[in-house]
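Visitor: return a 3D structure for these sequence lines:
(one chain, ligands or ions: 3)
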Amino acid sequence: MNEHPNIVLIGMPGSGKSTVGVLLAKRTAMEFIDTDLLIQSAEGKTLQEIVDGTGYQALRHIEERVLCDLHASGAVISTGGSAVYSEAAMSHLKTNGRVVFLDVSLSTVQHRIGDYSLRGISKRPDQTIEELFAERNALYRRYADIIVDCDALNQEEACQAVLDQLP
Ligand SMILES: Nc1ncnc2c1ncn2[C@@H]1O[C@H](COP(=O)(O)OP(=O)(O)O)[C@@H](O)[C@H]1O
Ligand SMILES: O=C(O)C1=C[C@@H](OP(=O)(O)O)[C@@H](O)[C@H](O)C1
Ligand SMILES: [Mg+2]
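Guide: Residues are numbered from 1 along each chain as shown. Ligands and ions are numbered 1, 2, ... in the order given. Presented below is the predicted three-dimensional model:
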């Protein structure tokens with residue numbers, strides 16, 4: 001890790017990666033990068049259009065490429081919820097970043113994301129949100145350097161909790 005490590009946020013859709021990431025960047029004067037926006041710019045399509053047009057696995061491949069091509073330092077990086085399906089991408093992000101898992105419960109995810117069929121979620125069509133949550137939880141824990149329980153925290157509190165746990 002160089003002297004300007006990134007803060008890399010991972011977690012389920014709706015866990016607060018994008019909103020808490022902006023707050024973290026404002027608090028720390030670090031750059032802010034939302035990798036979902038990098039994917040959309042690279043493809044010229046929304047995430048939902050990518051999933052609808054080419055499928056959820058294509059989105060995961062595009063996401064892997066975008067993450068592996070990212071060479072940031074001193075940035076808050078909000079990833080998409082499916083970033084953890086790529087071992088290569090996560091290894092790359094970990095070379096210069098502390099990976100922070102924003103941990104929220106399934107009911108919080110369901111409450112926050114509403115109709116997940118409109119949110120471009122990268123999942124098998126037959127997979128329930130419960131199954132996806134269980135599969136993802138194991139992956140988030142595998143790659144996390146720091147786990148922050150955000151379930152009962154508002155966005156400002158979640159931002160502070162991340163800062164409190166960083167070295
Ligand atoms: N700590 C929080 N408390 C309450 N609502 C939150 C919190 N974090 C995020 N949200 C809300 O949940 C939704 C999803 O947040 P977002 O940051 O886009 O999550 P992610 O990037 O992890 O998918 C947004 O409507 C956001 O305002
Ligand atoms: O969890 C997922 O499968 C996805 C989450 C999205 O990001 P957020 O986690 O920021 O919503 C986005 O990367 C894409 O639509 C796939
Ligand atoms: Mg997001």
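
Visitor: what's the neighbour count on the residue of the chain found nearest ligand 1?
Guide: Per CB to the nearest ligand atom, the residue of the chain with the smallest distance to ligand 1 is residue 16, at 2.9 Å. For glycine as for every other residue, the C-beta is placed from the backbone atoms N, C-alpha and C. Burial measure for residue 16: 24 neighbouring residues, criterion other CB atoms under 10 Å.

Visitor: next one: the one 5 residues further on
Guide: Applying other CB under 10 Å, we find 26 other residues in the vicinity of residue 21.

Visitor: can you tell me what sits against the one helix or strand it maps to?
Guide: Per DSSP states H and E, residue 21 falls inside helix 17-28. By CB atoms under 8 Å, 6 or more residues apart in numbering, the surrounding residues in contact with helix 17-28 are 7, 9-11, 30-32, 34, 36, 75-79, 81, 102, 150, 155-156, 158-159, 162-163.

Visitor: and if you look at stretch 105-113?
Guide: Stretch 105-113 is touched from outside by 12, 13, 14, 15, 104, 119, 121, 129, 130, 133, 151, with contacts defined as CB under 8 Å, 6+ apart.

Visitor: does the fourth one touch residue 80 like I think?
Guide: In this case it means residue 15. No. Under the criterion of CB atoms under 8 Å, residue 15 makes no contact with residue 80, lying 11.1 Å away.

Visitor: I'd say the residue of the chain closest to ligand 1 and residue 161 touch.
Guide: No. Counting by CB under 8 Å, no contact exists between residue 16 and residue 161, whose distance comes to 10.6 Å.

Visitor: circling back: strands paired with the following helix or strand past the helix holding residue 21, and their directions?
Guide: Stepping forward along the backbone from helix 17-28, the first helix or strand reached (DSSP H and E) is strand 31-34. Strands that pair with strand 31-34, judged by DSSP bridges, come out as strand 75-78 (parallel).

Visitor: ok, back up a step: quick check: neighbours shared by residue 16 and residue 161?
Guide: Shared contacts of residue 16 and residue 161 (CB under 8 Å, 6+ apart): residue 150.

Visitor: what pLDDT does the model give the residue of the chain at minimum distance from ligand 3?
Guide: When scored by CB to the ion, the chain has residue 18 as its residue closest to ligand 3, at 3.3 Å. Residue 18 carries a pLDDT value of 98.

Visitor: cool, and residue 99?
Guide: Reading off the model, residue 99 has pLDDT 98.

Visitor: please apply the same query to residue 115.
Guide: In the predicted model, residue 115 carries a pLDDT score of 78.

Visitor: who are the contact partners of residue 153?
Guide: So, once contact is read as CB under 8 Å, 6+ apart, residue 153 ends up touching residue 161.
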